[in-house]
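S.K.: Okay, sequence plus prediction incoming.
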Amino acid sequence: MIESGRKQPTISVLHRLAVALDLSLGEFCQRVENRYRAESAAAAASLSTGQSGK
């Protein structure tokens, strides 16, 4: 449900995910932000070129 945006995880859930991935919470959040920015840029580029991305 987190992946689909239907639930917002608590900080403790984010911390547990980071620990499970052997990352600091800061590094985990930075990676999420980097991926979000990359996906947003790709979506914007595909909209501007009229491609569906499939």
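M.R.: Great, that's in hand. Residues are numbered from 1 along each chain as shown.
S.K.: now for the helix or strand containing N34, which elements pack on it?
M.R.: Using DSSP states H and E, N34 sits in helix 25-49. For helix 25-49, the contact count by 3 or more Cβ pairs under 8 Å, 6 or more residues apart in numbering; DSSP states H and E identifies helix 11-20 as packing neighbours. (Glycine included, C-beta is placed from N, CA and C.)
S.K.: Buried residues of the helix it packs on, list them for me.
M.R.: By neighbour count on 16 or more other Cβ atoms under 10 Å, the buried set for helix 11-20 is 14, 18.
S.K.: What are the contacting residues of it?
M.R.: Residues from elsewhere that reach helix 11-20, judged by Cβ atoms under 8 Å, 6 or more residues apart in numbering: 2, 9, 24-25, 27-29.
S.K.: still on that earlier bit, only the buried residues of the helix holding N34, if you could.
M.R.: In helix 25-49, the ones that count as buried by 16+ other Cβ under 10 Å are F28.
S.K.: Please state the offset of that helix from the chain centre?
M.R.: For helix 25-49, the separation from the chain centroid amounts to 7 Å (computed by Cα atoms, centre = their mean, to the nearest Å).
S.K.: relative to helix 11-20, how tilted is that helix?
M.R.: 100 degrees (axes from the mean of the first three to the mean of the last three Cα atoms, to 10 degrees).
S.K.: Let's have the contacts of helix 11-20 in JSON lines, adding distance to A43.
M.R.: Shown next, in JSON lines, are these (distance: Cβ to Cβ, whole Å):
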{"residue": "I2", "distance to A43": "19"}
{"residue": "P9", "distance to A43": "23"}
{"residue": "S24", "distance to A43": "28"}
{"residue": "L25", "distance to A43": "27"}
{"residue": "E27", "distance to A43": "25"}
{"residue": "F28", "distance to A43": "23"}
{"residue": "C29", "distance to A43": "21"}
